[in-house]
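Asks: Give the three-dimensional model of this entry:
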Amino acid sequence: MKENTVPADPLKRSARREEICRIFGESYDRARWNDWRWQMHHRFIKPEQFKQLLRLTGAERRGLAMSQEKFAVAVTPHFAELIDPNDPSCPIRLQVVPREEELLVGPGDMTDPCGEDHDSPMPGLVHRYPDRVLLLALDTCAAYCRYCTRSRLVSQGGLDPLPRRVDAIVAYLEQHTEVRDVLLSGGDPLLMSDDRLDDLLGRLSAIPHIEFLRIGSRVPSFLPQRVTPELVAVLRKHRVWLSLHFCHAREITPEVARACDLLADGGIPLGSQTVLLRGVNDDVQTLKDLFHALLRVRVRPYYLYQCDPVVGTGHLRTSVHRGMELMNGLRGHTTGYAVPTYVIDAPGGGGKVPIQAETILDYQNGHVSLRNWAGQAYSYVDPAEHA
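Replies: Down below sits the predicted model:
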């Protein structure tokens, strides 16, 4: 496992931030750094900015050059600070800096691996499961993951602004009384202003049969400065649950811990969805370190996703066999709260399918033969009336 290269010494951190700010022709100012809007306006988006930030490899230079025509690049100063400038295999760097391998198309690669477009009754709304929908609120993120399952939509400018779509979406949900759960994603809904988010959540909450509102967001990882008491008040008002996204323990910085404390202290339930990525988190100790770090900031590891087969992501994907090995190395070897469910979002629109080694060896006449985490066999007997 790679050690965290972010300096613990505040003076060294300030020096690194000074270097980052100079790339934008500014000096480091703590108040500005902690302003989420400043962070958004000073994202790394141009190849020449990355050349000053990192010692780029040839594969990265070519990746940055072609990314202008493929899938946008953006990294917040906060997340850029976490990148080792001299290590091409840095787990933070691999997540956000494009490489020329993104041009390669492998067997099984898909533009829309989750089949969302097929299940969209209207732009920006996906209705696959009987009682829940996915609402794509924005097509913008604070930073862009190179394995993004919605790279066909995110940052592409093809999704109309939400105010033009919201009336039709609300009307659809009012008509479909079987829907009780709405997941807001995108793009990242937490990039909306407090007022706009409050208005949207209010309209959804007002629908009588909507019981459960969730937001999928990587803002606490990419842009923890966005988590303010005012934002927490909006989320608390509408009883929102947050599904966050973290992939490596290095992301759990003091700023992220403070953001998670604000959310948890505000009564916002927090879960994390992690994507299994080659070279980033594909070993047991790295995953364990991440999940333990999340629990320390009161975020429950929820899903470990097999990386979706998005076009150009083969270099970041592991095998399913490797994923099962990793889960076997977690289950029973650490607290159950630190063990997420390993899933594949079945390509083509099949939804999330849990993946695990077979634990039931035999089940006949009410007798169940089980295999535990250590490979040992045990028996369980059903109550007599059910045998």
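Asks: use CA for all of it now, contacts and neighbours both
Replies: OK.
Asks: mind showing which ranges of the protein have poor pLDDT?
Replies: Scanning the chain for pLDDT under 70 picks out 1-9, 384-387.
Asks: just the strands in it please.
Replies: For the chain, applying DSSP state E gives strands covering 125-126, 132-136, 181-185, 212-217, 240-245, 270-276, 300-306, 341-346, 351-354, 360-364, 367-371, 377-381.
Asks: Which among these is found nearest to A143?
Replies: Checking these against A143 by C-alpha to C-alpha gives strand 212-217 as the closest, at 11.2 Å.
Asks: Pairing partners for the closest one, with directions?
Replies: Partners of strand 212-217 in the sheet, by DSSP bridges, are strand 181-185 (parallel), strand 240-245 (parallel).
Asks: Any chance of JSON lines for the strands of the chain, columns distance to E60 and mean neighbour count?
Replies: Listed next are the strands of the chain as JSON lines, based on distance: least, C-alpha to C-alpha, whole Å; neighbours: other C-alpha atoms under 10 Å:
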{"stretch": "strand 125-126", "distance to E60": "34", "mean neighbour count": "22"}
{"stretch": "strand 132-136", "distance to E60": "30", "mean neighbour count": "21"}
{"stretch": "strand 181-185", "distance to E60": "29", "mean neighbour count": "22"}
{"stretch": "strand 212-217", "distance to E60": "27", "mean neighbour count": "21"}
{"stretch": "strand 240-245", "distance to E60": "24", "mean neighbour count": "21"}
{"stretch": "strand 270-276", "distance to E60": "21", "mean neighbour count": "23"}
{"stretch": "strand 300-306", "distance to E60": "24", "mean neighbour count": "22"}
{"stretch": "strand 341-346", "distance to E60": "29", "mean neighbour count": "19"}
{"stretch": "strand 351-354", "distance to E60": "32", "mean neighbour count": "14"}
{"stretch": "strand 360-364", "distance to E60": "46", "mean neighbour count": "12"}
{"stretch": "strand 367-371", "distance to E60": "45", "mean neighbour count": "16"}
{"stretch": "strand 377-381", "distance to E60": "49", "mean neighbour count": "13"}
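Asks: which stretch among those strands comes nearest P10?
Replies: Closest to P10 of those, according to C-alpha to C-alpha: strand 240-245, at 26.3 Å.
Asks: chain center to that closest one: distance?
Replies: A distance of 9 Å separates the centroid of the chain from that of strand 240-245, by C-alpha atoms, centre = their mean, to the nearest Å.
Asks: what's the answer for stretch 99-114, then?
Replies: 19 Å.
Asks: Any chance you could list what contacts it?
Replies: Residues from elsewhere that reach stretch 99-114 (C-alpha atoms under 8 Å, 6 or more residues apart in numbering): 59-64, 66, 149-150, 152, 308-315, 345-351.
Asks: can you check stretch 124-134 too?
Replies: Surrounding stretch 124-134, the residues in contact under the criterion C-alpha under 8 Å, 6+ apart are 116-117, 119-121, 135-137, 159, 169, 178-185, 349.
Asks: mind checking the end-to-end distance for it?
Replies: Taking C-alpha to C-alpha, to the nearest Å as the measure, stretch 124-134 stretches 8 Å from start to finish.
Asks: In the stretch 101-250 of the chain, what residue spans correspond to helices?
Replies: For the stretch 101-250 of the chain, helices defined by DSSP state H, counting those that start in this stretch occupy the ranges 162-175, 194-205, 219-222, 229-237.
Asks: So for P77, which of the ones you listed sits nearest?
Replies: Distances from P77 to each of the helices of the stretch 101-250 of the chain were compared by C-alpha to C-alpha, and the smallest falls on helix 219-222, at 8.9 Å.
Asks: Just the CA coordinates for the closest one, please, in PDB.
Replies: Listed in PDB are the C-alpha atoms of helix 219-222, where the atom choice follows Å, rounded to 0.1, in the frame of the first residue of the first chain:
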ATOM      1  CA  VAL A 219     -18.500  16.600  -3.300                       C
ATOM      2  CA  PRO A 220     -17.300  15.700   0.200                       C
ATOM      3  CA  SER A 221     -14.300  14.000  -1.400                       C
ATOM      4  CA  PHE A 222     -13.600  16.500  -4.300                       C
END
